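K.L.:
Please work out how this folds:
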Amino acid sequence: MILIWIVSAIGILIVLFVIELLLVALLPGFEVPPQTLEKTPKSSGEVPITSSPGRKDVQFFINGTALSAWLYLPEQRPGPFPCIIMGHGLGGTKDAGLEPYAIRFKEAGFAVFVFDYRYFGESEGTPRHLIWIPSQLEDWSAALTYVRGLTEIDPARIALWGTSLSGGHVIVTAALDQGIRCVSAQCPGMDGEAFALESFKRMGIVHSLRMVMHGQRDLVRSWLGLSPHKVPIVGKPGTIALMNTPDAYDAFTRLMPEGYVNEACARIIIRGDKYRPIKYARHIRCPVLLQICDYDTRVSLKSLEETAKILGTLAEVKHYPIGHFDIYTGSGFEDGVQDQIGFFRKHLS
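P.N.:
Below you'll find the model as predicted:
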């Protein structure tokens with residue numbers, strides 16, 4: 001009798017959950033006000049985002065979908081060159097502050113390959129602005145395959161550079177591909193589960209539940225073949241957005257290019273916590289530069305220290321007394337990029 005009661009109760013809960021998902025997916029009233037990025041003049045301390053004369057526009061493909069990339073080759077010296085492959089973090093595109101890094105790396109004698117993920121920037125793919133981690137990891141693998149086939153590149157000397165969300169991507173990619181020479185992980189997201197718990201404590205139960213419902217709405221609508229439900233990538237504190245910490249909006253706005261569309265499919269809200277690159281760290285066999293921003297509110301700092309312990313002697317850990325977004329501009333950029341160049345010179349020569 002007790003067993004029958006338990007089974008019945010479980011069945012009722014499942015039915016109620018399915019009804020909740022359908023109501024969230026189909027009912028009106030979930031629209032989120034857009035938050036257009038309000039660009040302001042850049043301060044003298046910021047790194048200018050300019051076009052390099054030595055940059056080539058290239059494309060590579062995944063199942064017929066074209067991905068856009070920039071290829072930088074050192075000048076006045078013959079190849080094949082060691083190459084650094086770069087991809088941005090959450091919602092970022094290659095024209096959102098990555099070129100200053102690429103130019104510095106090129107000037108230091110490295111080839112650089114910077115790409116846009118599917119669904120973002122100049123790459124193809126629908127729905128637009130879908131942050132889907134399995135797809136992004138496939139994009140990294142496809143970028144590797146493409147770069148290794150270029151005559152200008154030495155396939156035995158390839159490094160990966162990632163930041164924030166993609167800082168976790170490069171750890172996973174290097175764990176699965178033992179041919180990577182070294183990895184630079186800048187303020188990397190290593191444990192989505194730990195960060196989700198920290199975010200829950202910071203935002204509170206009401207805001208967290210609202211966020212989950214937006215994620216549910218988009219995911220279920222994708223299952224039903226309906227149009228995606230989108231939320232701002234960055235927003236003012238207290239608003240519905242993937243990033244809404246006090247330091248996020250202004251810093252993200254300065255980093256993004258003119259015309260950037262500040263929205264993403266909301267399903268990443270209930271998928272990001274399942275992503276735990278830290279679980280792959282034990283499979284790494286190459287050196288890793290782990291750059292930690294000590295006042296970072298966008299990643300779990302505890303998970304970064306745990307990652308360093310797992311990597312052991314393979315980890316070169318650098319600390320910076322700054323926040324998550326401060327490493328992209330000004331003195332934070334200068335300190336970080338100098339450490340990266342030194343690391344690449346050591347391991348790609």
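
K.L.:
Can you report phi and psi for V317?
P.N.:
With angles defined as degrees, to the nearest 10, V317 sits at phi -100, psi 130.

K.L.:
which residues sit in contact with it?
P.N.:
Contacts for V317 (Cβ atoms under 8 Å, 6 or more residues apart in numbering) come out as 290, 292, 308. C-beta coordinates here come from the backbone N, C-alpha and C atoms, glycine included.

K.L.:
hang on, the last one in a strand?
P.N.:
No - secondary structure of A308 (DSSP: H, G, I helix; E, B strand; the rest coil): helix, not part of a strand.

K.L.:
before we move on, the earlier item: output the contacts of V317 as CSV; include the columns neighbour count and pLDDT.
P.N.:
Below are these laid out as CSV (neighbours: other Cβ atoms under 10 Å; pLDDT from 0 to 100):
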residue, neighbour count, pLDDT
L290, 25, 99
I292, 20, 99
A308, 18, 98
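
K.L.:
Can you tell me which of those is nearest S164?
P.N.:
I292 (12.4 Å; Cβ to Cβ).

K.L.:
Run through the residues that contact the closest one.
P.N.:
With contacts defined as Cβ under 8 Å, 6+ apart, the neighbours of I292 are 187, 301, 304-305, 317-320.

K.L.:
likewise L90?
P.N.:
When contacts are counted by Cβ under 8 Å, 6+ apart, L90 touches 131, 164-165, 233, 242-243.

K.L.:
Distance-wise, check it relative to G167.
P.N.:
11 Å (Cβ to Cβ, to the nearest Å).

K.L.:
on that earlier part again, ok, so of the contacts of V317, who is nearest S208?
P.N.:
I292 (25.9 Å).

K.L.:
list the helices and strands the lengthiest helix in the chain packs on?
P.N.:
Taking DSSP state H as the criterion, the chain has its longest helix at helix 2-26. Contacts defined by 3 or more Cβ pairs under 8 Å, 6 or more residues apart in numbering; DSSP states H and E place helix 2-26 against helix 205-223.

K.L.:
which intervals of the stretch 51-200 of the chain have sub-threshold pLDDT?
P.N.:
51 (pLDDT under 70).

K.L.:
which residues in it form strands?
P.N.:
Under the criterion DSSP state E, counting those that start in this stretch, the stretch 51-200 of the chain contains strands at 55-62, 65-72, 81-87, 111-115, 153-163, 182-186.

K.L.:
Tell me which strands the third one pairs with, and in which orientation.
P.N.:
Pointing back at strand 81-87 there. strand 111-115 (parallel), strand 153-163 (parallel) (DSSP bridges).

K.L.:
Would you mind writing the CA trace of stretch 225-234 as PDB?
P.N.:
Provided in PDB are the C-alpha atoms of stretch 225-234 (Å, rounded to 0.1, in the frame of the first residue of the first chain):
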ATOM      1  CA  GLY A 225       9.600  24.000 -32.300                       C
ATOM      2  CA  LEU A 226       8.600  27.500 -31.200                       C
ATOM      3  CA  SER A 227      10.500  30.700 -31.400                       C
ATOM      4  CA  PRO A 228      13.200  31.200 -28.800                       C
ATOM      5  CA  HIS A 229      12.700  33.200 -25.600                       C
ATOM      6  CA  LYS A 230      15.600  35.600 -25.100                       C
ATOM      7  CA  VAL A 231      16.900  37.700 -22.200                       C
ATOM      8  CA  PRO A 232      19.600  40.400 -22.000                       C
ATOM      9  CA  ILE A 233      23.100  39.000 -21.700                       C
ATOM     10  CA  VAL A 234      24.100  41.900 -19.400                       C
END
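
K.L.:
quick one on the thing from earlier: out of the contacts of L90, which are buried?
P.N.:
Neighbour counting with 16 or more other Cβ atoms under 10 Å marks 131, 164-165, 233, 242-243 as buried within these.

K.L.:
related to what we said a few turns ago, using a markdown table, please lay out the strands of the stretch 51-200 of the chain together with mean neighbour count and distance to A194.
P.N.:
Listed next are the strands of the stretch 51-200 of the chain as a markdown table, based on neighbours: other Cβ atoms under 10 Å; distance: least, Cβ to Cβ, whole Å:
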| stretch | mean neighbour count | distance to A194 |
| --- | --- | --- |
| strand 55-62 | 14 | 30 |
| strand 65-72 | 20 | 31 |
| strand 81-87 | 26 | 22 |
| strand 111-115 | 27 | 28 |
| strand 153-163 | 22 | 18 |
| strand 182-186 | 27 | 16 |
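
K.L.:
can I get these in TSV with distance to Y146?
P.N.:
TSV is the format used below for those (distance: least, Cβ to Cβ, whole Å):
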stretch	distance to Y146
strand 55-62	4
strand 65-72	8
strand 81-87	9
strand 111-115	8
strand 153-163	10
strand 182-186	19
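
K.L.:
Can you say which of those is nearest to V220?
P.N.:
strand 65-72 (24.6 Å).

K.L.:
Just checking: what are the partner strands of the closest one?
P.N.:
strand 55-62 (antiparallel), strand 111-115 (antiparallel).

K.L.:
For those, give me a markdown table that also has distance to Y328.
P.N.:
As requested, the strands paired with strand 65-72 are arranged in a markdown table below (distance: least, Cβ to Cβ, whole Å):
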| stretch | distance to Y328 |
| --- | --- |
| strand 55-62 | 19 |
| strand 111-115 | 14 |
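
K.L.:
and W223, which of the ones you listed is closest to it?
P.N.:
Nearest of the strands paired with strand 65-72 to W223, taken as Cβ to Cβ: strand 55-62 at 22.6 Å.
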